[in-house]
Structure formats: C-alpha cells, structure tokens
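Novice: The following block contains a protein sequence and its predicted model.
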Amino acid sequence: MAEGALDLFAMVSALAGLDDDEGGKDQVERVSDEEIDSWTRDSCCKGLSKIQYAEEDVESFRENFERKNEPVLIDGCAKGWSGFGESRQWDFDALEKRFSDTNFALFNGQQFSLAEYMKYMRGRAEMDENPLYLFEDLSQVDARNPKTEILNAYHVPKFFRQDLFELPFSKPTQTDNLDQEELLKSRPRFRWLLLGPKHSGSKLHQDPIGTSAWNTLLEGTKRWVLFPPDLDDIVTARLKKSLDGCSAATWFASSLPSLRPDFQEHGLIELTQHPGETIFVPGGWWHTVLNLQDTLCVTQNFASEFRLEQVFHEMLQQPSSLFRSAWLKQIQGKFPGRVSVDAIK
C-alpha cells in the first residue's frame, strides 16, 4: 500500500470517530481482552434455539421460527459453498488473492482496493478507536461485474429463498415490458459482503422496510445482542438513549452491562456466532454486533410472507420508483384481502 493510501485511511478513521450531532469525538471504550476471550469461547445460546441445517426442512423452519418471528442460530448453511480460486475456500486469503486489485466500499461509501483494506485490517485497524468496517453492496451486481463470482460462491440457504421482493422479477412481470435494469436499480438494497476488523461492529438498529435477515459467518467470531420488537415505549426509549454518541465498541463495553440486569426480563438475547453458523434475525428485532476477531461474512435481507402487512406499510412510505410500483401491483394480486388497495397512492 502506498503511503498516500495509509494517510487516507488515517483521515477516514478520524472522520469515523466524529460525532455527527455535536461535532466532537466519541469517548470510545473497548471491551476488555479477557471479556473478548470469554465471549469467543462461548458456545451457549441463552434464550435462542440452535438447529442443524441438514436436519430441518423448510416448512418446519417457517412454522417454528419465521411465522413466530423468532431468531434462531443455524449450523451448516455454508457446507458446499464453492469459494474462490484453486483452493475453493471462503476465507480472507482466497478472497484477497482473487480480488486484490478490485475496489470495495466501506460503510460510508469510501472505496479502496481489497489489498489496501486487508493491509489496513491486519495493521492500522488495531490502533483505531473505531475500526473501519467494509460493507460491499452486492445488490446490483450483474453478469458483467467480476463480483458476480462472489454471488456464485455462495447460495441462499433453503429457508430464505421465498422473498416477496423477488416478485417484480418473476416471469409474469417480465412480460409487462418493464425495464429490468431500472427495476433492479430501484430495488431496496438487500445483500452485502462484510469484512470487519476486531472491535468494529454495527450499532443497535432494526432492519429497514420491515425486512428480515440472515447472516452467515465464514471467518472470525461475532458477538450479537438482540431485543424483541414488542418492547413498550418506556423500555424502547431507554434502549435508544443508551445509543447516544456511542460506537458499537463503546455500547458493548459501557451500556450493555448496565442494561443487562433489567433487560433480561424483556427478552434480551446474547450469543457468539462462530464460523459456519448462520443467524436468522426476524423483522423488527433490535440487534447490534461486535466483531471479536477479524471477520468475513455474507448477509441478505428479505421480505417475509409472514410480515407482509409490515413490509407493505413500510413500502408505502418509500419514494416512488419503478420497483415500488411493480411490487405494490404484484403483491395485491398475490395476496388479495391482506393489504389495503385504498392505501396505495
């Protein structure tokens, strides 16, 4: 990596530490190495079921978890994924060797070659208060893009292939002479490749447009905290207040310990995700993640049939687009009576 690139990473890292509201720098705390080591070894899933991918059929999964809107940890989803290069592995080395000179995007859109980012992750990231998280949006990758190889290197687990946001791309819609490229461009973003250095993470949030998500971890370990969507207003307000001016690392270090005693009765779930495991996060669930080691994962959001009303309501609030119009039209025909035709404007 050139010295100029190092300086740019330093600048981006500094900007990532600025508080947008107050213009000052977050007071960043980190979870202790002892706590991280303890979490990394943790294989318990308190308050959360764990199932084997090969032993659960789709209908059972949909009834036991998707319909009930309950998160679950799944082992074995990534077995059989093809990986990259001669090694056919899904790991940092194979990914870097294949895409070394290809640009990938950080969470803020800033782009670097994968070789530059990997050098940062293995070096400077350890010194940064808020390590930079790589969030590569694969939503609009098509056959002309070399990153198609990433999409071909994994497959959507069998439980999550029924996605209502795929309706506008079904054959009946394609006969309506819609511009397929414009349709894809206006579809809500839904799939990403994530590379996160140790101590990086995502702040507590709910996924957009009422969607659910799955996340498969391929390298490293992640610590997850989840809260159910049906919290009362007072509890939700306290939860949101804990986020004020707070990075993911700081939240895990300072806010979580104070919330844990009271929030156990409100359905708080804590778990460590290990390589090869997939977590299902149903729509509406609050969740936050801390990378306990350098991590590599793929994740997708999808619109569940069991959350049709919530997704429909959220889609009505979205800006007008070709996808929005096509989807609202399709969903009325597929689910008559479940959504309000009069609400569409």
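Specialist: Cool, got the structure. Residues are numbered from 1 along each chain as shown.

Novice: low-scoring stretches of the chain, by residue?
Specialist: Regions of the chain meeting the criterion pLDDT under 70 cover residues 1-28, 85, 171-177, 340-345.

Novice: Strands of that one, residue ranges please.
Specialist: Here the chain has its strands, by DSSP state E, at 49-52, 72-75, 103-105, 111-113, 134-137, 191-196, 201-205, 212-219, 222-227, 269-273, 277-281, 286-291, 295-302.

Novice: Distance to residue 248 and mean neighbour count added to the ones you listed, as TSV?
Specialist: Using the backbone N, CA and C atoms, a C-beta is placed for each residue, glycine as well. Output for those, formatted as TSV (distance: least, CB to CB, whole Å; neighbours: other CB atoms under 10 Å):
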stretch	distance to residue 248	mean neighbour count
strand 49-52	24	14
strand 72-75	20	20
strand 103-105	19	16
strand 111-113	21	17
strand 134-137	13	20
strand 191-196	10	23
strand 201-205	3	18
strand 212-219	15	22
strand 222-227	10	22
strand 269-273	14	21
strand 277-281	16	24
strand 286-291	6	24
strand 295-302	13	23
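
Novice: Can you add distance to residue 233 and give those strands back as JSON lines?
Specialist: Rendered in JSON lines, the data for the strands of the chain read as follows (distance: least, CB to CB, whole Å):
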{"stretch": "strand 49-52", "distance to residue 233": "29"}
{"stretch": "strand 72-75", "distance to residue 233": "28"}
{"stretch": "strand 103-105", "distance to residue 233": "36"}
{"stretch": "strand 111-113", "distance to residue 233": "41"}
{"stretch": "strand 134-137", "distance to residue 233": "31"}
{"stretch": "strand 191-196", "distance to residue 233": "32"}
{"stretch": "strand 201-205", "distance to residue 233": "17"}
{"stretch": "strand 212-219", "distance to residue 233": "24"}
{"stretch": "strand 222-227", "distance to residue 233": "14"}
{"stretch": "strand 269-273", "distance to residue 233": "21"}
{"stretch": "strand 277-281", "distance to residue 233": "22"}
{"stretch": "strand 286-291", "distance to residue 233": "14"}
{"stretch": "strand 295-302", "distance to residue 233": "26"}
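
Novice: for these, which one sits closest to residue 90?
Specialist: strand 212-219 (4.6 Å; CB to CB).

Novice: which helices and strands does the closest one pack with?
Specialist: Counting contacts by 3 or more CB pairs under 8 Å, 6 or more residues apart in numbering; DSSP states H and E, strand 212-219 packs against strand 277-281, strand 295-302.

Novice: mind saving the C-alpha coords of it as CSV?
Specialist: Output for strand 212-219, consisting of C-alpha atoms alone and laid out as CSV, is shown next (Å, rounded to 0.1, in the frame of the first residue of the first chain):
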residue,chain,number,x,y,z
SER,A,212,-35.9,-10.0,8.0
ALA,A,213,-32.2,-11.0,7.5
TRP,A,214,-29.8,-13.9,7.6
ASN,A,215,-26.1,-13.6,8.2
THR,A,216,-23.6,-16.4,7.6
LEU,A,217,-20.1,-16.1,9.2
LEU,A,218,-17.2,-17.5,7.4
GLU,A,219,-14.2,-16.3,9.4
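
Novice: Wait, residue 251 touches residue 243, no?
Specialist: Yes. Taking CB atoms under 8 Å as the definition, residue 251 is a contact partner of residue 243 at 6.8 Å.

Novice: shared neighbours of these two, which are they?
Specialist: Among the neighbours of residue 251, those also in contact with residue 243 (CB atoms under 8 Å, 6 or more residues apart in numbering) are 203-204.

Novice: can you put the helices and strands packed on strand 212-219 in CSV and add distance to residue 53?
Specialist: Written out in CSV, the entries for the helices and strands packed on strand 212-219 read as follows (distance: least, CB to CB, whole Å):
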stretch, distance to residue 53
strand 277-281, 8
strand 295-302, 15
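
Novice: closest to residue 151 out of these?
Specialist: With distances scored as CB to CB, the stretch of the helices and strands packed on strand 212-219 nearest to residue 151 is strand 295-302 (9.2 Å).

Novice: contact partners of that closest one?
Specialist: Counting by CB under 8 Å, 6+ apart, strand 295-302 makes contact with 90-92, 95, 150, 154, 156, 160, 162-165, 188-196, 207-208, 211-222, all of which sit outside it.
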